[in-house]
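In: Okay, sequence plus prediction incoming.
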There are 2 protein chains.
Amino acid sequence: MKKIRLFTPGPCMVPEEALLEMARPFEHHRTAWFKDLMKDCTAKLQKVLCTQSEVLILTGSGTAAAEGAIVGCNPAGSKVLTIEGGKFGERWGQICEQFGIPVLRHKVEWGTAVTPEAVAALLKQDPAITTVIVVHSETSTATAADLEGIGRVTNAAGKLLIADCITSAGALPLKPDEWGVDVVITGSQKALMLPPGLGFVSVSPRAWKVIEANKGQHAFYVNLNKARKSAKDSDTPFTPAHLLVRGLKVTLDMLLAEGMENCWKRVAALAAATRAAGEAVGMAVYSQRPSDSVTALRVPEGVVEKDFRKQLRERFGIHLAGGQDQLEGKIVRMSHMGFVDSVDTLGAISAIEQTLHRLGHRFTLGAGVAAATRVFAERL
Amino acid sequence: MKKIRLFTPGPCMVPEEALLEMARPFEHHRTAWFKDLMKDCTAKLQKVLCTQSEVLILTGSGTAAAEGAIVGCNPAGSKVLTIEGGKFGERWGQICEQFGIPVLRHKVEWGTAVTPEAVAALLKQDPAITTVIVVHSETSTATAADLEGIGRVTNAAGKLLIADCITSAGALPLKPDEWGVDVVITGSQKALMLPPGLGFVSVSPRAWKVIEANKGQHAFYVNLNKARKSAKDSDTPFTPAHLLVRGLKVTLDMLLAEGMENCWKRVAALAAATRAAGEAVGMAVYSQRPSDSVTALRVPEGVVEKDFRKQLRERFGIHLAGGQDQLEGKIVRMSHMGFVDSVDTLGAISAIEQTLHRLGHRFTLGAGVAAATRVFAERL
């Protein structure tokens, strides 16, 4: 018997209901059926993202959505500040450079998050900056930024704020309108519980003013003006991955039935239990400001990370992510996003303990699941 | 009882085997499993596209793949010639303009195709042209160009040739290497029998030289250099719609089991039968150089196109496409791509006859299916 359990921070586990919905006989995308579906999903995405801003559905990964936002929000004369404390922060800086957009790429130590005060200081030092790009939950280091605090700073300074919420939307508390986040970017294969293939972007009225005026932007496929024009009629400018939109309706309905506050609470409990379990078995939490959507745990000395993850995969069907770049071999990352609950997580923690034990790591066998159980009993 | 039959020129009918394959429990995309799948699909795509050139799989529509090719192949100093005889030819001209690439947008009358001689004359008139973009099968007018002849001209002139094969690859005879086509662009939801969401591009060694040197190209998500670098390790630079790749393996296997020559023959027979049926029931073939992958038939006088297609949908579950822009209300378009055979097509022709009859059109009821049956008897 072999069950696959995706604890990777995207793709995450997808409910069978969504997979089967996408396997049903389907119609064309230029139909009333699909327009109704788009309209419904767009309205529900606004609820899931807790925003009144227009939300667009793009066919592509979160990176495609981010490119559309970055290129659209930065006409000639703009300057971007990126905060880079991991792989994804770096990617947004690379996009700016590839498109010739002036950018100040501010590095922070991996595993730490920028503070609102530091952002304020950077903006003060360089008044040419017009747009700030921040990663809400940096997947590569499992670290969350204080997006609310940063929003306060960028709003006070009158700058546009683009937030990579790819592994935060639907998982961490996120209130873009209250916090003054102009653009929220996310993707289908994280907390929205779908396979990869769709990117989403919400755009504030203030950001639309900039994007609308940016006629000559070097964007076509991910051009947000084009997407918006079609979206006004619940349509898309180019052929969409419409079966994924069909699956999206299923997962959005599930999230909204649970309620966003409850989703956030569930994810936070899974993360707290995982952190407690990690510490109890000698796998220290890596991040100094851990995200609740994904937990990075240090691989104990004497344990070879590759063997550890391989055994988890082969014996238990459990997929964790490893570390990237400088963190390769040093951490493992476990997702709390997608169709995953306390039962799944508890089982995975037990599997982690059994694997550590077999690999010769010394710790109190059972301490992890006990710690996690105590957290769940208290929080759920 | 209601069966959905997609005779639209994309999305087309998808075999249930592929839909169910995509609904199965799945693994992460950064795994040996997915790399093997990518490697297998890439090799099979080369066979389906009849090319030795590298083939890349992108997550997005055919337009995304086209943008990657157009931006990549045209560094500063380039000039593009587009041949525009319909919606899709126009789109490639628009992409050039959006990215500030100098372009000569040559219009041809809708329903006609440019001749190789005309391309030769245009290249002679404007020696600054470095790249020619031609639509092999223009979906909006159901018209095929002489890609082989055009390839002879562009090769003699030493120009790059990009071919939009979105509704030709897998459907019409296509031999890019023999014909000197540098870049072939296609998408998943046409003759490759999948839902929308993937774009494919093959790139000749000559085109790679240009793309490789084009470091500052304004492309990130669709950047072909990035895609190529990852593809060397059977990987993708950004999260792929990996379940679609899983479905792709199923449909590529089906196409290759049939054999490409046989696929082309099947599609050509469906088109010939449809054209014969159309003429027999008073629906003239619109195109002066019809594509075999999709047939455009004129709506007879006295028949309201919207009613005609609505009845086909509601009574028979048959979806045809209407005309676009100047052809709206004047033609209907029926696809011969995807998981469709002579039985499906014959049934659809009968439904078309019944609908025309009910709408008061005067013709010999049964003449269409009789004509189609004669064609099938002869050709299949």
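Out: It's in.

In: Would you mind listing the buried residues in the helix or strand containing residue A:152?
Out: Element membership of residue A:152, judged by DSSP states H and E, is helix A:147-157. Of all the residues in helix A:147-157, those buried under the rule 16 or more other CB atoms under 10 Å in any protein chain shown are A:147, A:148, A:150, A:151, A:152, A:153, A:154, A:155, A:157. (Each C-beta comes from the backbone N, C-alpha and C, glycine too.)

In: Quick one: residues contacting the fourth one.
Out: Going back to what we said before, that points to residue A:151. A:161, A:179, A:180, A:181 (CB atoms under 8 Å, 6 or more residues apart in numbering or on different chains).

In: Relative to residue A:104, how far out is the last one?
Out: What it means is residue A:181. According to CB to CB, to the nearest Å, residue A:181 stands 20 Å off from residue A:104.

In: Settle it for me: which of the two has more neighbours?
Out: residue A:181 (29 against 18; other CB atoms under 10 Å in any protein chain shown).

In: unless I'm mixing things up, that one is touching residue A:159, no?
Out: No: with contact defined as CB atoms under 8 Å, residue A:181 and residue A:159 do not form a contacting pair (11.6 Å).

In: show me where chain A has strands.
Out: Here chain A has its strands, by DSSP state E, at A:5-6, A:54-59, A:80-84, A:103-107, A:131-135, A:137-138, A:143-144, A:160-164, A:183-187, A:198-203, A:294-298, A:318-319, A:321-322, A:331-335.

In: Tell me which of these sits most buried.
Out: strand A:137-138 (a mean of 32; mean count of other CB atoms under 10 Å in any protein chain shown).

In: Parallel or antiparallel, list what pairs with that strand.
Out: Here strand A:137-138 has these sheet partners by DSSP bridges: strand A:143-144 (antiparallel).

In: Please work out the average pLDDT along the partner strand.
Out: What strand A:143-144 shows for mean pLDDT is 98.

In: One more: stretch A:358-376?
Out: On average, stretch A:358-376 scores 98.

In: can you pull the buried residues of it?
Out: A:361, A:367, A:368, A:369, A:371, A:372, A:373, A:375, A:376.

In: would a markdown table of the strands of chain A with distance to residue B:128 be doable?
Out: Shown next, in a markdown table, are the strands of chain A (distance: least, CB to CB, whole Å):
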| stretch | distance to residue B:128 |
| --- | --- |
| strand A:5-6 | 52 |
| strand A:54-59 | 35 |
| strand A:80-84 | 35 |
| strand A:103-107 | 33 |
| strand A:131-135 | 37 |
| strand A:137-138 | 47 |
| strand A:143-144 | 51 |
| strand A:160-164 | 39 |
| strand A:183-187 | 39 |
| strand A:198-203 | 37 |
| strand A:294-298 | 52 |
| strand A:318-319 | 53 |
| strand A:321-322 | 50 |
| strand A:331-335 | 52 |
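
In: so who does the closest residue to residue A:169 other than its chain neighbours touch?
Out: In space, and not counting its chain neighbours, residue A:169 is closest to residue A:186: 3.9 Å by CB to CB, 6 or more residues apart in numbering or on different chains. By CB under 8 Å, 6+ apart, the residues touching residue A:186 are A:49, A:62, A:65, A:165, A:166, A:168, A:169, A:170, A:192, A:199, A:200, A:201.

In: Quick check: beta-bridge partners of residue A:186?
Out: Bridge pairing for residue A:186 - DSSP bridges - gives residue A:200.

In: ok, now residue A:163?
Out: Assigned bridge partners for residue A:163, using DSSP bridges, are residue A:134, residue A:184.

In: Tell me which residue is most central in chain A.
Out: residue A:167 (1.4 Å; CA atoms, centre = their mean).

In: that older thread, out of the buried residues of helix A:147-157, the closest to chain B would be?
Out: residue A:147 (22.3 Å; CB to the nearest CB).

In: and that closest one, what does it touch?
Out: Residue A:147 sits in contact with A:134, A:136, A:163, A:168, A:174, A:179, A:181, where contact means CB under 8 Å, 6+ apart.

In: from the stretch 201-350 of chain A, which residue is nearest to chain B?
Out: Counting by CB to the nearest CB, the stretch 201-350 of chain A gets nearest to chain B through residue A:241 (3.4 Å).

In: what sits against the closest residue to that residue other than its chain neighbours?
Out: In space, and not counting its chain neighbours, residue A:241 is closest to residue B:197: 3.4 Å by CB to CB, 6+ apart. Applying CB under 8 Å, 6+ apart to residue B:197 gives the contacts A:59, A:197, A:241, A:243, A:244, B:59, B:60, B:61, B:188, B:189, B:241, B:244.

In: Count residues in the vicinity of the closest residue to residue A:226 other than its chain neighbours, would you?
Out: Distance criterion CB to CB, 6+ apart; nearest residue to residue A:226, sequence neighbours excluded, is residue A:237 at 4.3 Å. By other CB under 10 Å, 19 other residues sit near residue A:237.
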